[in-house]
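Structure, please.
(one chain, ligands or ions: 1)
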Amino acid sequence: MNHSPAQSSRLWIRNPLAAFTANSLDASGGLVVSGGVIEEVLAAGQQPSGPVQEIFDAGRHVLLPGLINTHHHFYQTLTRAWGPVANAPLFPWLQNLYPVWARLTPRDLELAATVALAELLLSGCTTAADHHYLFPAGLEDAIDIEVAAVRRLGMRATLTRGSMTLGTDDGGLPPQSTVQAPEVVLEDSQRLVGRYHERGEDAVIQIGLAPCSPFSVTKEIMAESAALAERLDVRLHTHLAETLDEEDFCREMFGLRTVDYLDSVGWLTDRTWLGHGIHFSDAEISRLGAAGTAVAHCPTSNMRLASGTARVLELEDAGVPVGLGVDGSASNDASNMILEARQALYLQRLRYGADVPVERALSWATRGSAAVLGRTGLGQLAPGMQADLALFTLDDLRFSGSHDPVAALLRCAADRADRVMVGGQWRVVDGQIPGLDIAGLIAEHSAAARRLVNG
Ligand SMILES: Nc1nc2[nH]c(O)nc2c(=O)[nH]1
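Got it, this is the predicted structure:
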């Protein structure tokens with residue numbers, strides 16, 4: 001079956017059961033998609049302005065912009081629910097996992113990335129960011145492997161070339177065997193940007209530069225990465241303010257609080273997005289907002305590792321773009337974007353009270369995440385935006401008796417999209433990814449996961 005409408009034909013996704021546009025437009029009449037973009041957004045009762053060649057009747061579907069994940073570590077799908085770190089907070093969790101992850105092979109990463117991407121896609125995610133910072137001998141092509149996996153699934157991605165350059169010998173957290181020389185990191189970063197980074201609103205692959213975290217990289221690689229990112233005009237990503245242990249580390253190692261540290265290496269800019277961004281003072285939130293530095297809020301991981309609760313409403317009020325991230329699958333342990341929006345909704349209610357609407361959480365997962373990744377053509381249903389869409393049905397038992405269809409997605413815990421479109425192409429049809437052998441993938445990925453932890 002061909003799921004690719006001819007690029008010149010016009011497809012009317014007609015009369016959805018409900019739609020969330022992430023803006024003030026009414027899409028009750030549906031969308032017209034052509035050439036990979038949204039051509040028209042139709043209000044209730046409105047017809048397309050000209051002829052359409054195909055119609056998809058969306059009367060059973062809740063229509064959303066494709067969800068956008070802003071922080072992940074794909075390789076960690078191989079170490080989900082691993083007993084030895086079940087109850088550990090971030091630092092011991094990492095110290096126990098680094099030696100396992102250091103055994104990753106190219107095939108392991110290919111399987112892990114495919115699992116992570118497929119799981120995201122099935123949850124309504126059309127664009128995924130990954131932060132890959134492990135490059136053991138033999139895995140120098142890690143990002144190339146991820147690019148190939150993204151292309152096979154037909155999604156969009158911002159893949160970041162991570163790095164660790166501060167090992168235990170020099171006061172860092174990761175074992176010496178997992179760190180790289182800065183020249184290797186910078187040369188590979190430049191190669192990857194030159195080879196894969198696409199510009200423009202329809203970009204499929206983008207590359208970012210991503211030294212890992214204050215306790216695993218030197219200040220020098222942070223400053224050099226910032227200079228390179230500016231020269232190449234790409235984005236910067238790192239973990240920051242995730243735990244109080246990290247705050248203590250910054251004070252002891254650099255004599256600085258985290259945001260001062262960020263500023264001191266030239267990262268307090270609108271080119272930067274931060275994974276987690278939990279432990280900020282009021283003054284630091286204002287500085288981040290003034291700089292336009294963005295935050296990937298990772299509610300499940302932050303709860304799982306007991307890292308803390310990000311101050312999302314205050315960050316947004318200060319002008320900080322906020323999106324959602326599922327984070328790596330060793331600290332979540334799922335890669336499900338629609339469930340992550342639910343987690344964000346309820347965690348922020350716990351912090352701020354019950355007046356946090358469902359629509360705000362959906363905005364973080366769509367328009368907010370697009371802003372975090374600097375992807376202006378994504379995250380909303382509006383004319384001219386990319387035709388990246390997620391459509392959910394409410395046919396499961398879990399939705400029975402629900403009233404508001406958009407609210408029901410989060411309130412009744414939707415976890416799987418029925419249809420997903422990326423750039424005008426259907427990538428999920430009837431809740432399945434056409435052409436992907438999920439059973440075979442699970443069998444091989446599970447075997448790889450067992451081998452990895454057993455050494
Ligand atoms: N949640 C996570 N935090 C991190 N910090 C760091 O340096 N690595 C990680 C990670 O993999 N997950």
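
The closest residue to residue 163 other than its chain neighbours: neighbouring residues, count only.
Of all residues not flanking residue 163 in the chain, residue 185 sits nearest, at 4.2 Å (C-beta to C-beta, 6 or more residues apart in numbering). For the C-beta atoms, the positions are set from N, CA and C on the backbone; glycine is no exception. Per other C-beta atoms under 10 Å, the neighbour tally for residue 185 reads 25.

what about residue 185, distance to the ligand?
15 Å (C-beta to the nearest ligand atom, to the nearest Å).

Next, the contact list for that residue, please.
Counting by C-beta atoms under 8 Å, 6 or more residues apart in numbering, residue 185 touches 161, 163, 165, 211, 221, 225.

Would you mind listing the two of these that lie farthest apart?
The largest separation in the contacts of residue 185, counting by C-beta to C-beta, is between 161 and 165 at 12.6 Å.

Is residue 265 in contact with residue 219, as I believe?
Yes - between residue 265 and residue 219 there is a contact at 5.4 Å, judged by C-beta atoms under 8 Å.

that older thread, the residue nearest to residue 163 sits in which helix or strand?
Taking DSSP states H and E as the definition, residue 185 sits inside helix 182-196.

Check which element follows that helix along the chain.
Next element after helix 182-196 (DSSP H and E): strand 205-211.

Need the contact partners of the helix or strand following that following strand.
Next helix or strand after strand 205-211 toward the C-terminus (DSSP H and E): helix 219-232. The contact list for helix 219-232 (C-beta under 8 Å, 6+ apart) reads 163, 165, 182, 185-186, 189-190, 193, 197, 208-211, 235-236, 238, 254, 261, 264-267, 269, 271.

Most proximal residue of the stretch 351-455 of the chain with respect to the ligand?
In the stretch 351-455 of the chain, the residue that lies nearest the ligand is residue 452 (15.1 Å; C-beta to the nearest ligand atom).

hmm, I was thinking of the stretch 51-200 of the chain
For the stretch 51-200 of the chain, C-beta to the nearest ligand atom, closest residue to the ligand: residue 73, 4.9 Å.

With adjacent residues omitted, what lies nearest to that residue?
That would be residue 328: by C-beta to C-beta, 6+ apart, it lies 3.2 Å from residue 73.

Which residue, other than its chain neighbours, is closest to residue 42?
Spatial nearest neighbour of residue 42, chain neighbours left out: residue 29 (3.0 Å); criterion: C-beta to C-beta, 6+ apart.

So the one you found sits against residue 43, correct?
Yes - judged on C-beta under 8 Å, residue 29 makes contact with residue 43 at a distance of 5.6 Å.

which ones are touching the residue of the stretch 351-455 of the chain closest to the ligand?
78-79, 100, 103-104, 108.
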